[in-house]
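[1] The sequence and its predicted three-dimensional model are supplied below.
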Amino acid sequence: MAELKQTVFIIDDDEAVRDSLRMLLRSVGLPVTCFESAQTFLDEINLNTPGCLVLDIRMPGLSGMELAQRMRDQDSLMPIIFITGHGDVPMAVEAMKMGALDFLQKPFRDQDLLDRIQQALQYDADRREQLTEREMIRQRMNTLTPRERQVLDMILEGKANKVIAIDLDLSQRTVEIHRARVMEKMQARSLATLVQMVMRARGK
Amino acid sequence: MFLAFAECFSEAMLLLTRQGTVVAANRAGRELLGGIDTASISNHPLRDFVSDPDDKLTSYLAACAESDSPLTGVLKLRLADSIKQVICQGRGVSSSANRQLSTPVHGIILRCLPQTDHTIDSQAINASLLQLTAEMERRRLAEHRLTMTEAHAQAVLDTAVDGIVTIDSTGIIESFNNAAERLFEYRADEVIGKNISMLMPPPYCYEHDDYLQRYLSTGKKKIIGTAGREVTGLRKNGETFPMELAVSDLAFDGAHHFTGIVRDISRRKQAEQRLQQRELEARQNRERLVHVARLSTMGEMAAGIAHEINQPLTAIATYASASQRLLNSGLSDQDELLTTLDKISRQARRAGDVIQRLRSFVKKQDSQREVWDLNKLVADTMVLAEADARLHSFVIEMTLSQQPLQVSVDPIQIQQVLLNLIRNGMDAMLEAEQTDGCLRVGTRQADHDFALVSVRDQGVGISTEQSDKLFSPFFTTKSNGIGLGLSISRSIINAHGGRLNFERHTEEKGVTMYFTLPLEVGNVDG
């Protein structure tokens, strides 16, 4: 797989906090882009960009929580780490409901934030890999003929070739040929691999 | 007294008892009776010196004794060796009118106009007699009046509530009334004749003679003539007490006499002290209340302030650790590190500034007036207010007057009022579920003498029903309010000579709360 270029996005209305975070991320060699408001981020950044978002909750205008809601509505997968100067349990719960990966209270230990960011980036990378894989499987599945799909479904149900042949009113030999074609098209080396691939593609 | 008075007359004057015994005679009288000395004539009957051929003397004297007004008679008297016709004028006198006379109790004053020749100018005699009579009467009345005045004066002195002490020009006590006796606990006879300084505690007792001396020589007054000075008195038992003293100077017989009227004011002083104490306590209570309200406001704002302090702290911690990492990895140069250190100290000051404001705001202190530019005071308050506003995503818009507005205020208390109004405004906007609300804070010169600070919100507003009770203590519309904010704010503004009130908006929702403060004299007049 090609090297994934991830960016850490930071949104905080406090100039000093923003500036210091930019410096911190540079010190660990992570690409960083800062925004002073949620709105400018929304306006400028494609939500499918690889990376993660460090988001201040309390901000004038569009608040951090509102931005998270909008990103959810737009099916963004970008992981969010909330930071806040004044947090309480209800706020943390709400943040988690918004799909926050984590919730940090200012002032935080730099290592904690960096760890969370690394986790978020890993999470993002994993998610992207999964997506890519799922997409690939789907594409392979799309090459199957209707009859081959029928056979695949029945294989997944655990039916033997003989049973499939009776159910589909085919000769056992014909079922064997279909089965071999399915395995070939799906690039599955074993029945177990095939089951795993289809499950993943169906998001289970 | 009789003699001193009688010697002034050139005509003979005799003082007789009612029975006709001579008590005293003036010089002319003694000459009339034969030029003998007073001792020889006193206590001798008049008849021993005069013969009375007509035998009218006895009956004439008896008539005189009964008469209040002078009775004129012409007597032929043998005086010494010759018979003379004498015009007499006599009247009865009462000794009670004259203390100098020990005896007789009643007597006769007889004036005699000896006529050496037998021809009498009766007109001249009559004129002379009339004159004499008038003079006698005038003196008699004057004497009577003086006696009455003296008696009356003594009565007044003794029944006076205030102590009255008179001294002579050297400070020696001449009189000491009953009230003075009670006041100083000395009997009059213990102090009369002694120096007044015995009634004063040190160091005044050593200085009094000098005061007197200076006054007499220069006329410079210290206490004399003033309507009551507070001084300290000394009782017989050594106790001192506060008293009010008024002194008047009366010069007669060529000497100064001073009358001091003293009043014990220890009770009044005690009452004054109690009143002062109570006022002090009331003031302290009020300040405690103001302070508690301030703490309460701070408590409500704690979240915003914590946020406000956390921001620079976060920046500091992050700058520091980033620098460390950059140094370790050799990615940073000295210039960048220096810039970062500068940023760190700026953020530290920023945090310190918030804490400083917070501390001075919650500090308990006596109310102190300082001259401030109201604009600066309002701008300073915004550091705390904006922390709170950010927490609720509100914006505070500030419109300050162009020219400075100098006011003499307790800056902390004015900030307290302003924060209270801003918090109320934000609460009203939260209640109205106004997100992204804007609070407008402004200053301007209201009129020639007053500056005005206004806080305009976009909240739920104030109903007529609420407005009646708005400034009453313990009235609140907030679920967790104690209802002291506005009541205390108003009392603070009133104490500064301004006023706190509100105005509803006709077009928009919300209200404008405003307060005025008197401008310092000499403020730039716009």
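    Sure, I can see it.
[2] Please count neighbours and contacts with C-alpha atoms only from this point.
    Will do.
[3] can you count the residues close to B:Arg139?
    B:Arg139 sits with 13 neighbouring residues when counted by other Cα atoms under 10 Å in any protein chain shown.
[4] typo on my end, A:Ile45
    By other Cα under 10 Å, 10 other residues sit near A:Ile45.
[5] All the helices of the stretch 1-150 of chain B, residue numbers only.
    Using DSSP state H, counting those that start in this stretch, the helices of the stretch 1-150 of chain B run over residues B:2-6, B:27-32, B:38-41, B:57-66, B:122-159.
[6] what do you get for the stretch 151-300 of chain B?
    Listed from the start of the chain, the stretch 151-300 of chain B has helices (DSSP H, counting those that start in this stretch) covering B:178-184, B:188-191, B:204-218, B:266-329.
[7] between the helices of the stretch 1-150 of chain B, which has the poorest average model confidence?
    Of all the helices of the stretch 1-150 of chain B, the segment with the smallest mean pLDDT is helix B:2-6, scoring a mean of 53.
[8] Report how many residues lie close to the residue nearest to B:Val455 when sequence neighbours are not counted.
    Leaving out its chain neighbours, the residue that sits closest to B:Val455 by Cα to Cα, 6 or more residues apart in numbering or on different chains is B:Val441, at 4.6 Å. The criterion is other Cα under 10 Å. On that basis, B:Val441 has 24 neighbouring residues.
[9] now do B:Leu391
    Residues within reach of B:Leu391, counting by other Cα under 10 Å, total 20.
[10] how much space between B:Leu405 and B:Arg456?
    Noted for B:Leu405: a distance of 20 Å to B:Arg456, by Cα to Cα, to the nearest Å.
[11] what about the residue nearest to B:Val455, which SS state?
    Recorded secondary structure, B:Val441: strand (DSSP: H, G, I helix; E, B strand; the rest coil).
[12] So what pairs up with it in the strands?
    Here B:Val441 shows beta-bridge partners B:Met398, B:Val455, assigned using DSSP bridges.
[13] In this structure it contacts B:Arg423, no?
    No - counting by Cα atoms under 8 Å, no contact exists between B:Val441 and B:Arg423, whose distance comes to 12.0 Å.
[14] show me what contacts B:Val161?
    B:Val161 sits next to B:Ala179 when contact means Cα atoms under 8 Å, 6 or more residues apart in numbering or on different chains.
[15] for B:Arg456, what are its contacts?
    Shown in contact with B:Arg456 (Cα under 8 Å, 6+ apart): B:425, B:439-441, B:510-513.
[16] change it to 6 Å
    Applying Cα atoms under 6 Å, 6 or more residues apart in numbering or on different chains, one finds that B:Arg456 lies in contact with B:439-440, B:511-512.
[17] Same list (the residues you listed) but as JSON lines, adding pLDDT and neighbour count.
    Listed next are these as JSON lines, based on pLDDT from 0 to 100; neighbours: other Cα atoms under 10 Å in any protein chain shown:
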{"residue": "B:Leu439", "pLDDT": "89", "neighbour count": "23"}
{"residue": "B:Arg440", "pLDDT": "91", "neighbour count": "18"}
{"residue": "B:Val511", "pLDDT": "89", "neighbour count": "21"}
{"residue": "B:Thr512", "pLDDT": "91", "neighbour count": "20"}
